[in-house]
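K.L.:
A predicted structure for the sequence below; I have some questions about it.
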Amino acid sequence: MKTNLMQLLRLVLMVLAVAGVIYAIEFMERGIAVWFWVALLGIGFVGLLYTFRLTQRRVARENRERQRLEKKRSRRSKR
């Protein structure tokens, strides 16, 4: 649940960052404002990638544990 909430928050921040980049490029002189929004977008992307990898690792670990338990049960039932 916490991971999904963090992914949603990062996704919203990335959408805002894209809007900020477009606004800054259109209406402001090139300067720190553009780089602020670009940095925010980059941080959001890295955060989404990190939470995605954490989720995938957790799913893989759960699958390995489930397979190990099934193998253990099948060995016991053969006896």
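P.N.:
Looks like it came in fine.
K.L.:
where along the chain do the strands fall?
P.N.:
Assigned by DSSP state E, the strands in the chain number zero.
K.L.:
in it, where's the longest helix?
P.N.:
helix 32-78 (DSSP state H).
K.L.:
how distant is that helix from the center of its chain?
P.N.:
9 Å (C-alpha atoms, centre = their mean, to the nearest Å).
K.L.:
which residue is the nearest non-sequential neighbour of Y23?
P.N.:
The shortest distance from Y23 to any non-neighbouring residue, by C-beta to C-beta, 6 or more residues apart in numbering, is to W37 (8.0 Å). Placement of C-beta: from N, CA and C, glycine included.
K.L.:
from what I can see that neighbour touches M14, true?
P.N.:
No. Checked against C-beta atoms under 8 Å, the pair W37 and M14 is beyond contact range at 10.5 Å.
K.L.:
name the nearest residue to L40, sequence neighbours excluded.
P.N.:
For L40, ignoring the flanking residues on the chain, the nearest one in space by C-beta to C-beta, 6+ apart is A17 at 4.1 Å.
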